[in-house]
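K.L.:
build me a model:
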Amino acid sequence: MKMRRRRVAALFVVIATCLSVVACSSLSSRVESAQKVATAAGFQPFVLGTSYFRLAGFSRIRQLGRPVTIYIEGDGRAWLSGRPSSNPTPADPLVLRLAALDRGDNVVYLSRPCQYVDLSAELYCGIPYWTRKRFAEEVITSVNEAVGAIAQNSKSTEIHLVGYSGGAALAALVAARRQDVGSLRTLAGYLDHVSLNRVRNVDQLLGSLDPIEIAPRLKSVPQIHYSGRGDKVIPSWVIRNFIQAVGSVRCTSIRIVDATHREGWEGIWSKLESVMPSCR
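P.N.:
The predicted structure follows:
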């Protein structure tokens with residue numbers, strides 16, 4: 001089926017109707033929670049139109065032309081009691097809170113497709129896009145377009161990507177397509193879903209791209225991958241597999257920290273958000 005393409009919307013134009021529609025639904029508590037975190041940190045809401053999805057987020061841009069750090073959300077509330085949820089908007093805005101801790105001048109939080117938007121107005125949003133197709137080509141294309149729009153509207157020629165869990169896979173896949181990525185940082189990164197799902201004996205993500213396959217293209221990108229010592233969801237060997245696939249000990253490192261998959265990251269990030277990776 002031929003995909004309908006949509007013009008990438010300008011950043012920082014607040015499309016209040018989108019967030020308002022969601023806020024009036026059963027998702028109001030999730031949206032309100034995110035808005036409180038964002039407002040307290042001086043962030044402004046936005047919605048970006050891309051070829052396939054509208055992507056919602058929050059931004060704080062203080063100096064045009066300076067590097068911008070973009071935080072990419074995890075998989076959100078994709079599953080409930082072993083069944084796909086009806087809406088993947090995060091119940092806990094952990095990644096937004098991490099972005100709020102960032103003391104940089106230009107910081108953007110970018111949600112995943114189908115999060116924080118009115119699903120009835122989305123042409124492509126359906127359960128596959130927050131389950132097995134969460135890293136599909138159309139998802140990567142849309143996130144990459146949004147990252148490009150953020151860079152263009154902030155007049156930045158250098159971006160720094162931070163991804164949590166499934167957002168780490170997206171950050172890596174997007175970084176492999178760009179020339180302006182100054183660094184990549186991941187937290188609890190779902191960077192080898194094929195191997196992990198095989199070990200767990202669960203269904204593979206059919207229709208999703210594999211970060212391991214593009215890893216060698218990131219050989220010269222400075223990167224730090226953080227893994228929680230108590231993470232039972234994504235163990236450190238998953239991240240080590242990705243680093244091995246990158247094939248560069250000069251530009252990549254893994255750091256084991258005192259966290260589980262969801263707990264402990266805020267206290268850690270408040271100390272580490274300013275630590276930038278470099279190629280030794």
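
K.L.:
what strand or helix carries the nearest residue to residue 132 once chain neighbours are set aside?
P.N.:
Spatial nearest neighbour of residue 132, excluding adjacent residues (C-beta to C-beta, 6 or more residues apart in numbering): residue 205 at 4.9 Å. Where C-beta positions appear, they are placed from N, C-alpha and C, glycine not excepted. When elements are assigned from DSSP states H and E, residue 205 belongs to no helix and no strand.

K.L.:
hmm, residue 197 and residue 205 touching each other?
P.N.:
Yes - Residue 205 lies in contact with residue 197 (C-beta atoms under 8 Å); the separation is 7.0 Å.

K.L.:
give me the more crowded residue out of those two.
P.N.:
Applying other C-beta atoms under 10 Å to residue 205 and residue 197 shows that residue 205 carries more neighbours, namely 21 against 14.

K.L.:
how about the contacts made by the more buried one?
P.N.:
By C-beta atoms under 8 Å, 6 or more residues apart in numbering, the contact list for residue 205 reads 131-135, 193-194, 197.

K.L.:
quick one: pLDDT of it?
P.N.:
Predicted confidence (pLDDT) for residue 205: 97.

K.L.:
quick check: it vs residue 279, distance?
P.N.:
Residue 205 sits 31 Å away from residue 279, going by C-beta to C-beta, to the nearest Å.

K.L.:
and the next helix or strand past the helix or strand harbouring residue 144?
P.N.:
Secondary-structure assignment from DSSP H and E places residue 144 in helix 137-153. Next helix or strand after helix 137-153 toward the C-terminus (DSSP H and E): strand 159-164.

K.L.:
what's downstream of that next one, the next helix or strand?
P.N.:
Heading C-terminal from strand 159-164 (DSSP H and E), you reach helix 166-175.

K.L.:
I figured residue 191 hits residue 225, correct?
P.N.:
Yes - with contact defined as C-beta under 8 Å, residue 191 counts as touching residue 225 (7.3 Å).

K.L.:
what pairs with the strand or helix carrying residue 256, parallel or antiparallel?
P.N.:
Here residue 256 sits within strand 252-257, counting by DSSP H and E. The pairing partners recorded for strand 252-257 under DSSP bridges are strand 223-228 (parallel).

K.L.:
tell me what the next helix-or-strand element following the strand it pairs with is packed against?
P.N.:
Using DSSP H and E, the helix or strand that directly follows strand 223-228 along the chain is helix 236-246. Applying 3 or more C-beta pairs under 8 Å, 6 or more residues apart in numbering; DSSP states H and E, one finds that helix 236-246 contacts helix 193-200, helix 211-214, strand 223-228, strand 252-257.

K.L.:
roughly how far is helix 236-246 from the heart of the chain?
P.N.:
Centroid separation between helix 236-246 and its chain, computed with C-alpha atoms, centre = their mean, to the nearest Å, is 19 Å.

K.L.:
same deal with stretch 66-74?
P.N.:
8 Å.

K.L.:
check which residues of that stretch are buried.
P.N.:
Going by neighbour count (16 or more other C-beta atoms under 10 Å), the buried part of stretch 66-74 is 67-74.

K.L.:
end to end, how far does it reach?
P.N.:
Distance across stretch 66-74, first residue to last, is 26 Å (C-alpha to C-alpha, to the nearest Å).
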